[in-house]
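Peer 1: kindly generate the corresponding structure for this input.
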Amino acid sequence: MTAHALLSASGSKRWLSCTPSARLEATLPEPKRNTSGIDFSAEGTLAHSLAEIRLRLHFNQIGHDEYDREYEIIKTHPIYQDYSEVKREDFEANVDNYVLYVRSQIGEGDVPLFEQRVDFSDWVPDGFGTADVVILSERSIRVIDLKFGRGVPVSAQDNSQLRLYALGAYAKFKEEWPHISEVSYAIHQPRLDSISTDGTTIVKLLDWANYYVKPKAKKAWSGSGEFIPGEWCQFCKAKAQCRAR
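Peer 2: Presented below is the predicted three-dimensional model:
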């Protein structure tokens, strides 16, 4: 299995909307990054790493020694080192804002899982990903996603990335948690002071997966279907040479 799924959850809006795009993108090199500023993708990864260890420490999934070791590694990262003292405080404050939100969503008897690998390959060929937070309770699955950028707010409404994560979590835990009937999602963007939520039933989620995602994913995996331009083109590597655009 490759490190990055061809039909990734994060890119699902694109390949669900324009099924041939995934195979075309796979033939193209990664775009060159702007070396004059911060690598926002790497900064987001760093924020996720800090949030993960703080949540794991709070919920006794790691001890203080492991936390201290991981925190020291984060503090030696070039991005963290390049921050001014003010930016460093801002970075940590925004991570803590997200951490507090996640903590507020976890009740007594819930089981929180952080950076949880999920597999939705029953519907999407080689489909897998990593959910930032999955919270299991008797009757529900909750998925929380951290978006650390300063761009536009991202909506959880009908968000295919979070739906696929929830689908993978349900597939993994449905036997252990047989009474799960609902799923909810949240996207937290601390730098924009934005929290977006959505939810549905497991029955509706499975209908979406079986009757919408599965046939689309089959086309995307084979590279068939029509090129259809739209808002999902924004981060597509093939947008500059796409005839449909």
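Peer 1: residue contacts, residue 43?
Peer 2: Residue 43 makes contact with 79, 91, 148, according to CB atoms under 8 Å, 6 or more residues apart in numbering. From N, CA and C alone the C-beta is placed, and that goes for glycine too.
Peer 1: identify all contacting residues around the lowest-mean-pLDDT helix or strand in the chain.
Peer 2: Within the chain, no helix or strand scores below helix 21-26, which has a mean of 91 by mean pLDDT, DSSP states H and E. Here helix 21-26 makes contact (CB under 8 Å, 6+ apart) with 6-7, 11, 14-15, 220-223, 227, 236-238, 242.
Peer 1: re the thing from before, of the contacts of residue 43, which is the nearest to residue 51?
Peer 2: Among the contacts of residue 43, residue 148 lies closest to residue 51 (CB to CB), at 8.9 Å.
Peer 1: from residue 42, how far out is the closest one?
Peer 2: For residue 148, the distance to residue 42 (CB to CB, to the nearest Å) stands at 11 Å.
Peer 1: out of those two, which sits in the busier spot?
Peer 2: For the pair residue 148 and residue 42, the greater number of neighbours falls to residue 148 (22 against 13), based on other CB atoms under 10 Å.
Peer 1: check contacts around that one.
Peer 2: 43, 44, 47, 48, 94, 189, 190, 191.
Peer 1: same check, this time on residue 133
Peer 2: Here residue 133 is in contact with 55, 102, 112, 113, 114, 116, 142, 143, 144, 145 (CB under 8 Å, 6+ apart).
Peer 1: can you rerun that using 10 Å?
Peer 2: Residues near residue 133 by CB atoms under 10 Å, 6 or more residues apart in numbering: 51-52, 55, 98, 101-102, 105-106, 112-116, 142-146, 165, 186, 188.
Peer 1: cool, residue 17 as well?
Peer 2: 160, 216, 220, 228, 229, 230, 231, 232, 233.
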